[in-house]
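>>> okay, structure incoming, though there's no sequence with it:
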């Protein structure tokens with residue numbers, strides 16, 4: 001049974017190029033792709049998971065670790081990963097840590113003992129020492145979340161600080177000067193990045209940072225409701241609120257309406273994530289897009305590149321996904337044309 005290495009050698013290309021024919025065919029020149037396809041047919045190479053397992057001593061199993069299965073962002077990531085995994089003939093193990101480092105480590109220990117071919121961790125807590133243990137076993141590893149400078153592993157990341165900055169700056173551009181924030185849990189680096197972006201936008205606009213306008217949240221609808229209620233009960237309440245995820249923004253909507261206020265006439269609102277529900281609430285929610293399904297797909301393709309070519313520490317890759325502002329009615333924008341396409 002032919003292996004991917006034999007295909008690469010016969011075709012006169014790298015293993016990575018053969019892998020891209022399966023995982024990222026759009027990145028391979030058509031002439032090269034057709035040449036490799038002919039060699040694959042001649043050698044009878046199959047990317048089927050069972051065949052690969054026998055030929056390469058693989059398990060045809062990959063794992064995805066997420067922090068919160070109830071947050072719509074992470075099932076979307078899981079769907080993107082699973083779409084690629086299924087096409088590759090692999091099976092997917094899905095683990096939910098509830099942002100608990102102990103649970104994350106327990107799952108990783110189980111994977112190291114029972115063996116999986118690759119692991120994707122979304123907004124995880126794994127440090128460099130833990131990464132070395134995973135990669136040292138020859139297991140491919142990809143992070144999803146924020147940019148990490150202290151990592152050996154490959155990653156698909158977005159700039160959460162820039163996203164927080166964009167959300168706050170947009171509210172400033174609408175003329176708002178008292179802007180509150182419903183922040184995420186202090187222990188989550190991605191949420192702290194959004195808070196830093198909020199602070200930077202205020203600073204660059206010459207607006208003061210008022211501690212009374214910073215309300216803690218928990219990334220849940222209930223936390224958003226309580227966070228908005230706290231802001232609205234302040235001595236000088238905000239005229240606009242940035243909620244650090246869409247679930248909290250939806251909770252904030254409920255609190256604002258319960259207080260007898262209108263969105264955006266009395267209080268404007270911006271979220272973060274662009275979950276499907278954000279375009280269904282009334283008014284439709286202005287938000288920062290985090291393309292979760294696409295990110296999951298890219299992370300899985302990157303993981304399979306590593307599985308096929310080996311997991312050398314020196315071959316770490318980073319793929320950056322730019323945050324994007326989705327303007328809808330909740331922020332108080334005057335025009336409706338942009339909303340039609342968001």
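Structure's in. What do you need? As the structure is a computational prediction, the values presented were derived from the model and not from experiment.
>>> now the residue located most distally from the centre of the chain: which helix or strand?
Distance from the C-alpha centroid of the chain, by C-alpha atoms, centre = their mean, peaks at residue 42 (39.6 Å). Using DSSP states H and E, residue 42 falls within helix 30-43.
>>> what's the mean pLDDT across that helix?
In this model, helix 30-43 has an average pLDDT of 88.
>>> which secondary structure elements does that helix contact?
Helices and strands touching helix 30-43, by 3 or more C-beta pairs under 8 Å, 6 or more residues apart in numbering; DSSP states H and E, are helix 4-11, helix 15-23. Where you see a C-beta, it was placed from the backbone N, CA and C, and this is true even at glycine.
>>> sketch out the low-pLDDT regions of the stretch 51-200 of the chain for me.
The model of the stretch 51-200 of the chain has pLDDT under 70 over residues 51-57.
>>> buried set for the helix holding residue 42?
Neighbour counts over helix 30-43 (16 or more other C-beta atoms under 10 Å) mark 33, 35, 36, 39, 40 as buried.
>>> what sits against the closest residue to the fourth one other than its chain neighbours?
Using C-beta to C-beta, 6 or more residues apart in numbering and skipping residues adjacent in sequence, the residue nearest residue 39 is residue 11, 4.4 Å away. Applying C-beta atoms under 8 Å, 6 or more residues apart in numbering, we find residue 11 in contact with 17, 18, 35, 36, 39.
>>> distance check, the last one against residue 272.
As judged by C-beta to C-beta, to the nearest Å, residue 39 and residue 272 stand 46 Å apart.
>>> what's the answer for residue 166, then?
10 Å.
>>> so those two - more neighbours on which side?
residue 272 (32 against 19; other C-beta atoms under 10 Å).
>>> who does the strand or helix carrying that one pair with, and is each partner parallel or antiparallel?
If you go by DSSP H and E, residue 272 is part of strand 268-273. Using DSSP bridges, the strands paired with strand 268-273 are strand 240-243 (parallel), strand 286-289 (parallel).
>>> okay if I get the contacts of residue 11 as a markdown table plus distance to residue 182?
Compiled in a markdown table, those are given as follows (distance: C-beta to C-beta, whole Å):
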| residue | distance to residue 182 |
| --- | --- |
| 17 | 47 |
| 18 | 48 |
| 35 | 55 |
| 36 | 51 |
| 39 | 56 |
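>>> of the residues you listed, which is the nearest to residue 332?
Nearest to residue 332 among those: residue 17, at 50.5 Å, using C-beta to C-beta.
>>> give me the pLDDT for the closest one.
Listed pLDDT for residue 17 reads 87.
>>> and it, what does it touch?
Contacts were defined as C-beta under 8 Å, 6+ apart; by that measure residue 17 touches 8, 11, 28, 32, 36.
>>> show me what the helix or strand hosting residue 293 is packed up against.
Assigned by DSSP H and E, residue 293 belongs to helix 292-309. Applying 3+ C-beta pairs under 8 Å, 6+ apart, we find helix 292-309 packed against helix 15-23, strand 61-66, helix 73-87, strand 118-122, strand 140-145, strand 154-158, strand 318-321.
>>> show me what counts as buried in the fifth one.
Across strand 140-145, burial judged by 16+ other C-beta under 10 Å covers 140, 141, 142, 143, 144, 145.
>>> tell me the most buried of the strands paired with strand 268-273?
A comparison of the strands paired with strand 268-273 by mean neighbour count, using mean count of other C-beta atoms under 10 Å, puts strand 240-243 on top with a mean of 31.
>>> which is the succeeding secondary structure element to that one?
helix 246-258.
>>> which strands or helices does that following helix pack on?
Helices and strands touching helix 246-258, by 3+ C-beta pairs under 8 Å, 6+ apart, are strand 179-183, helix 221-232, strand 240-243, strand 268-273.
>>> what angle separates that helix from strand 268-273?
160 degrees (axes from the mean of the first three to the mean of the last three C-alpha atoms, to 10 degrees).
>>> and for helix 246-258, what's in contact with it?
Here helix 246-258 has contacts from 71-72, 182, 184, 217-229, 232, 241, 243, 262-263, 266-267, 269-275, 277-278, 281, 285, 287, 330, using C-beta under 8 Å, 6+ apart.
>>> chain center to stretch 67-74, what's the gap?
Mean-position distance between stretch 67-74 and its chain equals 11 Å (C-alpha atoms, centre = their mean, to the nearest Å).
>>> for that stretch, measure first residue to last.
8 Å (C-alpha to C-alpha, to the nearest Å).
>>> please identify the most buried of the helices and strands packed on helix 30-43.
In terms of average neighbour count - mean count of other C-beta under 10 Å - the standout among the helices and strands packed on helix 30-43 is helix 15-23, at a mean of 21.
>>> what residues of stretch 302-311 count as buried?
302, 303, 304, 305, 306, 307, 308, 309, 311.
>>> the third one against residue 18, yeah?
No. Residue 304 is beyond contact range of residue 18, at 11.6 Å (criterion: C-beta atoms under 8 Å).
>>> circling back: which among the helices and strands packed on helix 246-258 is found nearest to residue 291?
Nearest to residue 291 among the helices and strands packed on helix 246-258 is strand 268-273; the distance by C-beta to C-beta comes to 9.7 Å.
>>> all good on my end, thank you.
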